[in-house]
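Visitor: Please find the sequence and the predicted model below.
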Amino acid sequence: MFRQRGKDSGGAGDRVRRMSLMVLSIAAAGGASTRVGAAEICVANDAEFAVAAVTAQFAPTTIELVQGTYHFDGTVFNNTQAIFQGFSLLGGYAPGCATRDIDATNTIVQSATDGLYVELVGDVTIEGIRFEGPGGALYLDWTDFDHDINALVQVNIRRNIFRGLDSGLVLNWVPSGSQTLDARIVNNLMHDNGNGNLSACNGVGNGALDLGSVEDSDATFTVINNTIVDNSLGGGICYGYAGTLLAYNNILYGNSGPDFSTANGTNALLIDNLFQTHNYHGIVTELGTLDTDPRLDSTFRPIESPPSPVINSGDNSVHGGLPSHDLDGGPRVVGSAVDRGAYESSVDDAFLQSVIGLHDFAFLANDPLGRRLYLDGERVARVEVLQADTGSWSLYQPGVQSDMGYHKVLRDFTRGLCSRLNVDRERAVVRLRERTGDPGAVLHAFASYPDSGPFCVTQRSRVKYPVGPVPFER
């Protein structure tokens, strides 16, 4: 659908095909069909990698890669016109594969020519690997003409790095019936791929991430918290020609060609992404997009001071849920909202939110401990709110102004505390007057019912937006 498969042209392909015949002969001698039970293989070198790849032709195979460097060239993964039942390619294992550290920097798979280029029947999971060129990346193809594909195919590609490759990651879905594809691409970094020779993506093909499904097919591509930057291909995410794309919290920036491209016949929901250019066809619903420099450091992590606009500005309610970890294994959510992109910063803006949560819990549950914790937090919050106020704007840290997103979060939290403390004191006054019978009784219990003044004054000042270098949001 995207490109024609080339023919293998070396002795390596002959060797792996002979190995395939050997494995098939062993399976047949044991009375098995060509599709046998699932396999799990611990791999520590290229020779073992080649054998594991052959096994995946005949049985769904989990390939556990011991930390180190491997090569697609010389395996049946490397464009040998092989058909695979399905596989999991998992990086980060210690010798013997008893333990695992998922970190895309400790397991590297290199390609000199075509990369991983396979026809598939079933599921695929790829996790914890850094893919490097100069060859191609991954081309995963489900075409239901030469062979049957499963009724439901699930794909998970998560916590990987793709860099220095001459092509992007491709998922190609071509069923002949009612089969369903559920593909999730989560927490990946794709950077500095391509050499500038590809034409701009117009619907599908030539992008850093190509998502293709044949007309009238059933496919859902869920793309969450990926960072796709500085690629010299034909675009960022290129999607066509059917199915649904759900894209949340992604960063696409500095790519040649359009950051987002959708073809006729598609249905795309884009929520809280950051990108600048697009080429839309079909149905596109776009919410919370930022069109600005994401302010990433040299490792593609968000700069924390002054804060990047991607920090605490994503959507926590994504289809299928957020993962528990980001690309490098840290917590996926720190603060009031997930960051956009593959990496989560350490910026936690959730203190005021926690105070509000403790307040609501303590009053609803009539919980004494919860109330003590709330009052302790409120005393700290009133000091911090005043220290972080310039009179018309908020400070991210001493001497550094907040960006628009962070400022709005603080404004809304101080507004919430203002209203809650006012209601608390009003109710306490009513109860005091009912108890004493004095209609003019005045409440003096500021320790139990704090004054709302600092929060109310601050939230009023923060609705006055000055003109300044704040991110554009649409």
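Guide: Ah, there it is.
Visitor: Can you give the distance from the longest helix seen in the chain to the centre of its chain?
Guide: In the chain, assigned by DSSP state H, the helix with the most residues is helix 404-436. Centroid separation for helix 404-436 versus its chain: 37 Å, with Cα atoms, centre = their mean, to the nearest Å.
Visitor: right, and the helix or strand after it?
Guide: helix 453-461 (DSSP states H and E).
Visitor: So which elements touch that following helix?
Guide: Contact here means 3 or more Cβ pairs under 8 Å, 6 or more residues apart in numbering; DSSP states H and E; on that basis helix 453-461 packs against helix 368-387, helix 404-436. Glycine gets a C-beta too; all of them are placed from N, C-alpha and C.
Visitor: Extract the C-alpha set from it and format it as PDB.
Guide: Output of helix 453-461 as PDB, limited to C-alpha atoms (Å, rounded to 0.1, in the frame of the first residue of the first chain):
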ATOM      1  CA  GLY A 453      -8.800  36.800  51.500                       C
ATOM      2  CA  PRO A 454      -5.400  35.900  50.100                       C
ATOM      3  CA  PHE A 455      -6.900  33.400  47.600                       C
ATOM      4  CA  CYS A 456      -9.800  35.700  46.500                       C
ATOM      5  CA  VAL A 457      -7.500  38.700  46.000                       C
ATOM      6  CA  THR A 458      -5.000  36.600  44.100                       C
ATOM      7  CA  GLN A 459      -7.500  35.000  41.800                       C
ATOM      8  CA  ARG A 460      -9.100  38.400  40.900                       C
ATOM      9  CA  SER A 461      -5.700  39.800  39.900                       C
END
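Visitor: Enumerate the positions of that helix that are buried.
Guide: Across helix 453-461, burial judged by 16 or more other Cβ atoms under 10 Å covers 454, 455, 456, 457, 458, 459, 461.
Visitor: Could you tell me the average pLDDT over that helix, please?
Guide: The predicted model assigns helix 453-461 a mean pLDDT of 81.
Visitor: now what about it, what contacts it?
Guide: For helix 453-461, the external contacting residues (Cβ atoms under 8 Å, 6 or more residues apart in numbering) are 381-382, 385-386, 389, 391-392, 411, 414-415, 417-418, 421-422.
Visitor: tell me the SS of residue 245?
Guide: Classification of residue 245 using DSSP: H, G, I helix; E, B strand; the rest coil returns strand.
Visitor: can I see the domain layout of the chain?
Guide: Each domain of the chain is listed here as a residue range: 13-109, 137-348, 351-461, per automatic domain parsing.
Visitor: Please identify the most buried of these.
Guide: domain 137-348 (a mean of 21; mean count of other Cβ atoms under 10 Å).
Visitor: For residue 209, list each beta-bridge partner.
Guide: residue 169, residue 237 (DSSP bridges).
Visitor: Pretty sure it sits against residue 190.
Guide: Yes - if you go by Cβ atoms under 8 Å, residue 209 and residue 190 touch, sitting 6.7 Å apart.
Visitor: Return every residue with contacts to both of these two.
Guide: Jointly contacting residue 209 and residue 190 under the rule Cβ under 8 Å, 6+ apart are 168, 169, 226, 228.
Visitor: Which SSE is immediately downstream of the host helix or strand of residue 131?
Guide: Assigned by DSSP H and E, residue 131 belongs to strand 130-132. Next in sequence after strand 130-132, counting helices and strands by DSSP H and E, comes strand 138-143.
Visitor: Just checking the distance from the helix or strand just after that next one to the centre of its chain.
Guide: Next in sequence after strand 138-143, counting helices and strands by DSSP H and E, comes strand 152-158. Averaging C-alpha positions (Cα atoms, centre = their mean) puts strand 152-158 14 Å from its chain's average.
Visitor: what sits up against strand 152-158?
Guide: 120, 122-127, 138, 140, 142, 169, 171, 173, 179-188, 323.
Visitor: Identify the neighbouring strands of that strand in the sheet and state each direction.
Guide: Strand 152-158 has these strand partners (DSSP bridges): strand 124-127 (parallel), strand 180-186 (parallel).
Visitor: Just put these in CSV and tack on distance to residue 66 and mean pLDDT.
Guide: Shown next, in CSV, are the strands paired with strand 152-158 (distance: least, Cβ to Cβ, whole Å; pLDDT from 0 to 100):
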stretch, distance to residue 66, mean pLDDT
strand 124-127, 15, 98
strand 180-186, 24, 98
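Visitor: which one of these lies closest to residue 47?
Guide: strand 124-127 (21.1 Å; Cβ to Cβ).
Visitor: how distant is stretch 171-180 from the center of its chain?
Guide: 24 Å.
Visitor: so who does residue 223 touch?
Guide: Shown in contact with residue 223 (Cβ under 8 Å, 6+ apart): 184, 185, 186, 209, 211, 237, 245, 246, 247, 248, 250.
Visitor: go with 7 Å
Guide: For residue 223, the contacting residues are 185, 237, 245, 247, 250, by Cβ atoms under 7 Å, 6 or more residues apart in numbering.
Visitor: low-confidence ranges in the stretch 151-300 of the chain?
Guide: Scanning the stretch 151-300 of the chain for pLDDT under 70 picks out 202-204.
Visitor: now the helices for it?
Guide: In the stretch 151-300 of the chain, no helices are defined using DSSP state H, counting those that start in this stretch.
Visitor: Distance check, residue 171 against residue 278.
Guide: Per Cβ to Cβ, to the nearest Å, residue 171 is found 20 Å from residue 278.
Visitor: Next: residue 425.
Guide: Shown here: residue 425 relative to residue 278, a distance of 50 Å by Cβ to Cβ.
Visitor: Which residues are in contact with residue 382?
Guide: Contact analysis of residue 382 by Cβ under 7 Å, 6+ apart lists 454, 455.
Visitor: before we move on, back to that, closest to residue 262 out of the helices and strands packed on helix 453-461?
Guide: Judging the helices and strands packed on helix 453-461 by Cβ to Cβ, what sits closest to residue 262 is helix 404-436, at 26.2 Å.
Visitor: returning to what we had before: what would the domains of the chain look like in TSV with distance to residue 116?
Guide: Shown next, in TSV, are the domains of the chain (distance: least, Cβ to Cβ, whole Å):
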stretch	distance to residue 116
domain 13-109	5
domain 137-348	5
domain 351-461	38
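Visitor: so who does residue 138 touch?
Guide: Neighbouring residues of residue 138 by Cβ under 7 Å, 6+ apart: 115, 116, 169, 170.
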